[in-house]
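> Here's my sequence, what's the structure:
(2 chains)
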2 protein chains.
Amino acid sequence: MFNRYFNYKNYMRITIIGSGNVATHMAAAFKNAGHRILQVYSPNLQNASMLAYHIGAQAINNLNAILSDTDIFIISVKDDAIIEMVKALTQHQKLIVHTSGSTNLNDLLAFTGKAGVLYPLQTFSKNREVDFATVPLCIEGSDVDIKADLEQLAATISKNIYSVNSADRKILHLAAVFACNFPNYLYIIAQQLLAAHQMEFDMLKPLILETAQKVQEQPPASVQTGPAVRNDKVTMDKHLQLLNHQPQLQEIYLLLSQGIIKNNNEGHGDK
Amino acid sequence: MFNRYFNYKNYMRITIIGSGNVATHMAAAFKNAGHRILQVYSPNLQNASMLAYHIGAQAINNLNAILSDTDIFIISVKDDAIIEMVKALTQHQKLIVHTSGSTNLNDLLAFTGKAGVLYPLQTFSKNREVDFATVPLCIEGSDVDIKADLEQLAATISKNIYSVNSADRKILHLAAVFACNFPNYLYIIAQQLLAAHQMEFDMLKPLILETAQKVQEQPPASVQTGPAVRNDKVTMDKHLQLLNHQPQLQEIYLLLSQGIIKNNNEGHGDK
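Next up, the predicted model:
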């Protein structure tokens, strides 16, 4: 039931603290689900206004202008600014949640008794729509009622709700760096290699997509391909030679190839 | 026109040398496009039979059993076995092509005057269908007629035909390792991190898919996210601490994060 903390209504009154990618996409999802976004706070009024305009909220850049008459504060700012925000919000005595992968719930509980986490396990960019219904939302609450309410709120915008404690959420955030941020950087390297030889990144797009689609259905270790998993030293040597003038790329190539070979030898692979 | 080398018919008579993932998927695509696969050779008769059975071809494991009355030999074996196959095939005086990313066309021309390359830029696994029409096929021929014929043949199975010389194809193959094989290994690492904490790889699947879908539409440097591109040292330090007992993963984390930071500082990024 939302009623315990959420003012006897089916829709929530939500105050968004932050105006970055996560704040933007999550606020839009809540708005689309029928909730009301009251205010958007950002130290930069222009950023706050850009987001607030789209979701019919008030933009503010002064913490003193925050209204107490809301149901939930959602803090979506850089990790090192979260606590400062919590301190400024406790006086309103409402539920405060953050959206951070690596910030402990206890860090908030040092300042407020009603705290939670709504961590979206997805990569968000400006100018790109995401179907929020597929975004895994990881929930944590400072008590069972808050947790239940957050699960219910989360279920209005996503079909993938997980209960994850702070320790596991940190692991999840770390794993997301390996599964998203690092692969994207490898795409950049691939693009730069092609560009240096007047070839288009377009050529690699079907390969990149298929690589991600494969592991939707099969464990990644069972679909590993390439010279390293075949222990094809001739090809790996050729590749290292091509990278002769790029020692950093050589180092990445070696380290990841060694990892693939080791993982395969330990029997985690399937081929 | 196919006619020059291809015996005055619209369909080709194709002999497949090899029975691995590339041979299997490419042979099926040619069969589906109406060509005739005459024979499949593999030193392992069971492997040859498995592929041959599905495409109505004869399975052989003896090079002496290869028929001269074909239009094209397609060699799809390990790189270090290609030349041995070429030597055994030249007596038939037909067009010989290989499907390898990193083998020079000249390596074949030392033994035959009619040679070419059909390199599919995709990752193939057994038990997984691939829509061959989307697979980029990189063509090279030892003369303009062979090249034109191979382009026409390739066009019967794919919409993405590229003309790529041997030097560029090597770069392409290297780029594919960065864009496919290494990201898949990073998925394995992510899965293992989660498994060690009783969390399911399923949680990461939407993130992995979105990361690959993003770069179908936007340059990867413009959609890089995560602690490194924000130069968020607090989070990176937390992550390195979580990897305290896995020095190899720490090294990978550091090296890739440094790459992202450096790339961003050099202004290749967009945020």
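
> other SSEs contacting the longest helix belonging to chain A?
Across chain A, the longest stretch assigned as helix under DSSP state H is helix A:247-265. Counting by 3 or more C-beta pairs under 8 Å, 6 or more residues apart in numbering or on different chains; DSSP states H and E, the packing neighbours recorded for helix A:247-265 are helix A:233-242, helix B:182-195, helix B:247-265. Any C-beta I mention is one placed from the backbone N, CA and C, and that applies to glycine too.

> Including mean neighbour count, could the ones you listed go into TSV?
As requested, those are exported to TSV (neighbours: other C-beta atoms under 10 Å in any protein chain shown):
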stretch	mean neighbour count
helix A:233-242	17
helix B:182-195	24
helix B:247-265	18
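
> Can you tell me which of the ones you listed is nearest to B:Asp80?
helix A:233-242 (5.7 Å; C-beta to C-beta).

> Using CSV, list the CA coordinates for that closest one.
Extracted C-alpha coordinates of helix A:233-242, given in CSV (Å, rounded to 0.1, in the frame of the first residue of the first chain):
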residue,chain,number,x,y,z
LYS,A,233,48.9,-17.5,-31.3
VAL,A,234,49.7,-16.7,-34.9
THR,A,235,46.7,-14.4,-35.2
MET,A,236,47.3,-12.8,-31.8
ASP,A,237,50.9,-12.1,-32.7
LYS,A,238,49.8,-10.5,-36.0
HIS,A,239,47.3,-8.3,-34.1
LEU,A,240,49.9,-7.2,-31.6
GLN,A,241,52.2,-6.3,-34.4
LEU,A,242,49.5,-4.1,-36.0
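
> name the helices or strands packed onto it?
Checking 3+ C-beta pairs under 8 Å, 6+ apart, helix A:233-242 ends up next to helix A:247-265, helix B:166-176.

> what would those look like in JSON lines with distance to A:Ala57 and mean pLDDT?
Below are the helices and strands packed on helix A:233-242 laid out as JSON lines (distance: least, C-beta to C-beta, whole Å; pLDDT from 0 to 100):
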{"stretch": "helix A:247-265", "distance to A:Ala57": "44", "mean pLDDT": "96"}
{"stretch": "helix B:166-176", "distance to A:Ala57": "44", "mean pLDDT": "97"}
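
> need these in JSON lines with distance to A:His25, can you?
Below are the helices and strands packed on helix A:233-242 laid out as JSON lines (distance: least, C-beta to C-beta, whole Å):
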{"stretch": "helix A:247-265", "distance to A:His25": "31"}
{"stretch": "helix B:166-176", "distance to A:His25": "31"}
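
> among these, which is nearest B:Gly259?
With C-beta to C-beta as the measure, helix A:247-265 is the member of these nearest B:Gly259 (6.4 Å).

> Between helix B:247-265 and that closest one, find me the angle.
Helix A:247-265 runs at 150 degrees relative to helix B:247-265, counting by axes from the mean of the first three to the mean of the last three C-alpha atoms, to 10 degrees.

> For stretch A:44-64, report the contacting residues that lie outside it.
The contact list for stretch A:44-64, computed with C-beta atoms under 8 Å, 6 or more residues apart in numbering or on different chains, reads A:16, A:19, A:23-24, A:27-28, A:31, A:37-43, A:66, A:88.

> how about the nearest residue to the residue of chain A positioned farthest from its centre, chain neighbours excluded?
In chain A, the residue that sits farthest from the middle, by C-alpha atoms, centre = their mean, is A:Val234; the gap is 39.3 Å. Nearest non-adjacent residue to A:Val234, counting by C-beta to C-beta, 6 or more residues apart in numbering or on different chains: B:Asp80, 5.7 Å away.

> any idea of the pLDDT on the one you found?
B:Asp80 is assigned 88 on the pLDDT scale.

> rewinding a little: unless I'm mixing things up, the residue farthest from the centre of chain A is touching B:Ala81, no?
No - look at A:Val234 against B:Ala81 with C-beta atoms under 8 Å: they stay out of range, at 11.0 Å.

> ok and the longest helix of chain A relative to helix B:182-195, angle-wise?
Orientation of helix A:247-265 against helix B:182-195 (the same axes, to 10 degrees) gives an angle of 60 degrees.

> sorry, back to before: assess the claim that the residue nearest to A:Val234 and A:Asp237 are in contact.
No - using C-beta under 8 Å, B:Asp80 is not in contact with A:Asp237; the gap is 11.7 Å.

> re earlier: among the contacts of stretch A:44-64, which lie within strands?
A:16, A:37-41 (DSSP state E).

> Contacts only, for the nearest residue to A:His239 once chain neighbours are set aside.
Nearest non-adjacent residue to A:His239, counting by C-beta to C-beta, 6+ apart: B:Leu174, 4.9 Å away. Taking C-beta under 8 Å, 6+ apart, we find B:Leu174 in contact with A:193, A:239, A:242-243, B:102.

> any idea how far A:Asn231 is from A:Gly141?
As judged by C-beta to C-beta, to the nearest Å, A:Gly141 and A:Asn231 stand 49 Å apart.

> ditto for A:Ala133
43 Å.

> What's the local residue count around A:Thr123?
Using other C-beta atoms under 10 Å in any protein chain shown, the number of residues around A:Thr123 comes to 25.

> is it true that A:Glu140 lies in a strand?
Yes - A:Glu140 forms part of a strand when assessed by DSSP: H, G, I helix; E, B strand; the rest coil.

> isn't it right next to A:Glu151, touching?
No - the pair A:Glu140 / A:Glu151 is not scored as a contact, 10.2 Å apart, by C-beta under 8 Å.

> who wins for proximity to A:Lys205 among the helices and strands packed on helix A:233-242?
Of all the helices and strands packed on helix A:233-242, it is helix B:166-176 that lies closest to A:Lys205, at 11.6 Å by C-beta to C-beta.

> For the closest one, list the C-alpha coordinates in PDB.
Output in PDB follows, covering the C-alpha atoms of helix B:166-176 (Å, rounded to 0.1, in the frame of the first residue of the first chain):
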ATOM      1  CA  SER B 166      44.100  -7.600 -47.400                       C
ATOM      2  CA  ALA B 167      45.800  -4.900 -45.400                       C
ATOM      3  CA  ASP B 168      42.500  -3.300 -44.400                       C
ATOM      4  CA  ARG B 169      40.900  -6.600 -43.800                       C
ATOM      5  CA  LYS B 170      43.500  -7.300 -41.100                       C
ATOM      6  CA  ILE B 171      42.600  -4.000 -39.400                       C
ATOM      7  CA  LEU B 172      39.000  -4.900 -39.600                       C
ATOM      8  CA  HIS B 173      39.600  -8.300 -38.000                       C
ATOM      9  CA  LEU B 174      41.600  -6.600 -35.200                       C
ATOM     10  CA  ALA B 175      38.800  -4.100 -34.700                       C
ATOM     11  CA  ALA B 176      36.300  -7.000 -34.600                       C
END
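
> Give the buried residues for that helix.
For helix B:166-176, burial by neighbour count (16 or more other C-beta atoms under 10 Å in any protein chain shown) applies to B:166, B:168-176.

> can you pull out the helices in the stretch 51-200 of chain A?
Secondary structure of the stretch 51-200 of chain A, counting by DSSP state H, counting those that start in this stretch: helices at A:82-89, A:105-109, A:144-155, A:166-176, A:182-195.

> Show me what the mean pLDDT comes to for the third one.
In this case it means helix A:144-155. In this model, helix A:144-155 has a mean pLDDT of 96.

> so how far is it from its chain's centroid?
Relative to its parent chain, helix A:144-155 has a centroid offset of 19 Å by C-alpha atoms, centre = their mean, to the nearest Å.
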